[in-house]
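Q: Fold the following for me, if possible:
(one chain, ligands or ions: 1)
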Amino acid sequence: MDARAIARPDPVVKKIDSPEFRSIFTQELKDLIALFERYNFEIRVAGGAVRDILMNMNPKDVDIATTATPTEMKEIFTKENIRMVNMNGEKHGTITPRINDRENFEITTLRIDAITDGRHAEVIHTTDWLLDANRRDLTINSMFLGFDGTLYDYFYGYEDLQKRRVAFVGDPDMRIREDYLRILRYFRFYGRIAEESNRHDEETLRIITKNAEGLARISGERIWQEWKKILSGNFGIELTEAMINCQLAPHMGLPDAPNVPEFLRVAKQVRSFDPKLQPITVLSALLNTPEDAVNLNMRLKFTVYERELCYFITQNREETATIDELLPFQQLCLQTISSVKLKKEYVLELLKYHGKRELYQQLLDWPIPQFPIKGNVLIANGAPKGPKLGVVLDRLKIIWSNNQYNMTQEQLLEHLPSVLEEINVKKK
Ligand SMILES: Nc1ccn([C@@H]2O[C@H](COP(=O)(O)OP(=O)(O)OP(=O)(O)O)[C@@H](O)[C@H]2O)c(=O)n1
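A: Prediction:
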């Protein structure tokens, strides 16, 4: 599709002057602007920061785009004695000067993403702002903002933002095939800007469904990063359901038939529980068995914490009905004393999952008992060093838990001789 045919004839839409825009002007940025002016190259704010400023939000980071090539930028900064950092961005056309030894700016040369396999693009530099806007994913992410406040908007991103509409730039099929992660970015930005949970453009959903398999090419880490943001944003549940309806599930590590009824049941806790359920807890509801948790982890590459929690939730689906059942939970917490804090967090998440507010509060208030003996005290009293010390500790912890965690160091030490004897007996 010819970008010029669908672009707005005059990209200058309006002048921006807002507190969010003014907030980006540090002395360092002013110096940078003056420098580029002096060398006759244009620079503008690009992408996400423009969107955020228009939404009256302070942008997280301000990406800058320029007509200067990386080589030209390097010449300027070298001549001006300005240090450049993170030189590995250069292959994407990004140079990062550190201005006044105080602030870094990521400045990227305008480009066209030429050849792509859906993950990597061959970069060709350009001085045409329209062509750079045309390679971006969504209209709301394709705008530029000059430092004099001029908004340049080729693809009606400003109108889409006003209408709270998420649309791909030009041909959605092409945009998605350039980078399949954009499927998930579509849903993430939908959660960010839409006012209703289910006002998707049917044609966009159809094209996403058609390209679902492409997600299989995207790394689990990147998928999980986006999905987590979707789940913790607005309409996280509805959007995940929409993603499943678009046939994305098997390519994101979910079982072929995700447990949607359970997911919707848990969604109610998501809406009412404070503090909110963690994304991994919500996601666990979609699984049918602990094996599903193993498979999901293989695909999404969870952290140890996420992996254990996900597995724990799928193993403990039954509801805890009464307060009396809190005690077994406490025991569960203490099963592995060395990682007791972690266990408590897991059980707290499980109680949230089941919507058990009172139990949650009780467990939250329950002080984790501290094991009263340190290893060096045991050694001083005749316990062996090395791996056997671990065995001694484990035995003593069992005795401690059988006594409701209510023992002094002296009381526990009384059990040491029999524990040592037991170990030696076993050894024979
Ligand atoms: N798959 C992608 C990723 C990024 N972009 C473009 O690169 C910009 C910057 O990307 P990134 O920093 O990843 O996202 P932001 O839009 O800045 O969003 P956030 O603030 O959530 O990081 C986007 O606005 C968009 O124009 C794109 O076209 N396709």
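Q: Let me see the ranges of the strands in the stretch 301-428 of the chain.
A: Using DSSP state E, counting those that start in this stretch, no strands are assigned anywhere in the stretch 301-428 of the chain.
Q: ugh, typo on my part, it should be the chain
A: 12-15, 43-46, 64-66, 84-85, 94-99, 103-104, 107-109, 111-116, 121-125, 144-146, 150-152 (DSSP state E).
Q: Just give the number of residues close to the closest residue to residue 408 other than its chain neighbours.
A: What sits nearest to residue 408 in space, not counting adjacent residues and going by CB to CB, 6 or more residues apart in numbering, is residue 372, at 6.1 Å. C-beta here means a position set from N, CA and C on the backbone, and glycine is covered the same way. Residues lying near residue 372 (other CB atoms under 10 Å) number 17.
Q: cool, residue 265 as well?
A: With neighbours defined by other CB under 10 Å, the count for residue 265 comes to 14.
Q: Find the nearest non-adjacent residue to residue 422, please.
A: residue 395 (7.0 Å).
Q: Residue 170 versus the one you found, what's the distance?
A: To residue 170, residue 395 is 68 Å away according to CB to CB, to the nearest Å.
Q: Of these two, which one has the most company?
A: More crowded of residue 395 and residue 170, by other CB under 10 Å: residue 170, with 21 against 17.
Q: sorry, back to before: quick check: the residue nearest to residue 422 vs residue 423, distance?
A: 8 Å.
Q: residues in contact with the residue of the chain found nearest the ligand?
A: At 2.1 Å from the ligand, residue 48 is the closest residue in the chain, using CB to the nearest ligand atom. Applying CB atoms under 8 Å, 6 or more residues apart in numbering, we find residue 48 in contact with 59-61, 63, 141.
Q: and residue 361, how many neighbours does it have?
A: If we define neighbours as other CB under 10 Å, then residue 361 has 12 of them.
Q: State the pLDDT value of it.
A: Per-residue confidence (pLDDT) for residue 361: 89.
Q: swap in residue 204?
A: 98.
Q: can you give me the helices in the stretch 51-200 of the chain?
A: 70-79, 129-134, 157-162, 172-178, 181-193 (DSSP state H, counting those that start in this stretch).
Q: what's the closest of those to residue 298?
A: Closest approach to residue 298 among the helices of the stretch 51-200 of the chain (CB to CB): helix 181-193, 18.7 Å.
Q: Burial check on the residue lying closest to residue 77 once chain neighbours are set aside, number of neighbours?
A: Nearest non-adjacent residue to residue 77, counting by CB to CB, 6+ apart: residue 97, 5.0 Å away. Residue 97 is flanked by 21 other residues according to other CB under 10 Å.
Q: contacting residues around residue 97?
A: 32, 73, 77, 82-85, 104-105, 107 are the contacts of residue 97 under CB under 8 Å, 6+ apart.
Q: Repeat that for residue 191.
A: 229-230, 233-236, 239.
Q: From the residues you listed, keep the buried residues only.
A: Buried members of those, counted by 16 or more other CB atoms under 10 Å: 229-230, 233, 235-236, 239.
Q: Now the two most distant members of these.
A: Longest span within the buried ones among the contacts of residue 191, CB to CB: 229 and 235, 12.2 Å.
Q: List the buried residues of stretch 349-365.
A: For stretch 349-365, burial by neighbour count (16+ other CB under 10 Å) applies to 349-356, 359-360, 363.
Q: quick one on the thing from earlier: and the strands of the chain as a markdown table, adding distance to residue 210 and mean pLDDT?
A: Below are those laid out as a markdown table (distance: least, CB to CB, whole Å; pLDDT from 0 to 100):
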| stretch | distance to residue 210 | mean pLDDT |
| --- | --- | --- |
| strand 12-15 | 33 | 92 |
| strand 43-46 | 30 | 98 |
| strand 64-66 | 31 | 98 |
| strand 84-85 | 42 | 96 |
| strand 94-99 | 32 | 97 |
| strand 103-104 | 40 | 96 |
| strand 107-109 | 31 | 98 |
| strand 111-116 | 17 | 77 |
| strand 121-125 | 21 | 81 |
| strand 144-146 | 31 | 98 |
| strand 150-152 | 32 | 98 |
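Q: Can you add distance to the ligand and give the ones you listed back as CSV?
A: Formatted as CSV, those follow (distance: least, CB to the nearest ligand atom, whole Å):
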stretch, distance to the ligand
strand 12-15, 17
strand 43-46, 7
strand 64-66, 10
strand 84-85, 18
strand 94-99, 11
strand 103-104, 15
strand 107-109, 9
strand 111-116, 9
strand 121-125, 10
strand 144-146, 10
strand 150-152, 13
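Q: picking up where we left off before, what is the most widely separated pair among the buried residues of stretch 349-365?
A: Distance extremes for these: the farthest pair is 355 and 363 at 14.1 Å, using CB to CB.
Q: State which helix of this protein is the longest.
A: helix 387-402 (DSSP state H).
Q: Can you pull the domain assignment for this structure?
A: 12-163, 172-365, 375-423 (the TED database).
Q: Any chance of a markdown table for those, columns distance to residue 4?
A: Converted to a markdown table, these look like this (distance: least, CB to CB, whole Å):
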| stretch | distance to residue 4 |
| --- | --- |
| domain 12-163 | 7 |
| domain 172-365 | 16 |
| domain 375-423 | 71 |
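Q: Please pick the buried ones from the contacts of residue 97.
A: Buried among those (16+ other CB under 10 Å): 32, 73, 77, 82, 84, 105, 107.
Q: Give me the phi and psi angles of the fourth one.
A: Summarising the backbone geometry of residue 82 under the convention degrees, to the nearest 10, its torsions are phi -100, psi 130.
Q: Hmm, residue 194 is touching residue 166, no?
A: Yes: between residue 194 and residue 166 there is a contact at 6.6 Å, judged by CB atoms under 8 Å.
Q: Compare neighbour counts for those two and give me the winner.
A: residue 166 (26 against 19).
Q: Next, the contact list for that one, please.
A: Neighbour list for residue 166: 138, 140, 160, 186, 189-190, 193-194 [criterion: CB under 8 Å, 6+ apart].
Q: what stretches of the stretch 1-150 of the chain score poorly on pLDDT?
A: Applying pLDDT under 70 to the stretch 1-150 of the chain flags residues 1, 114-121.
Q: Many thanks, I have nothing further to ask.
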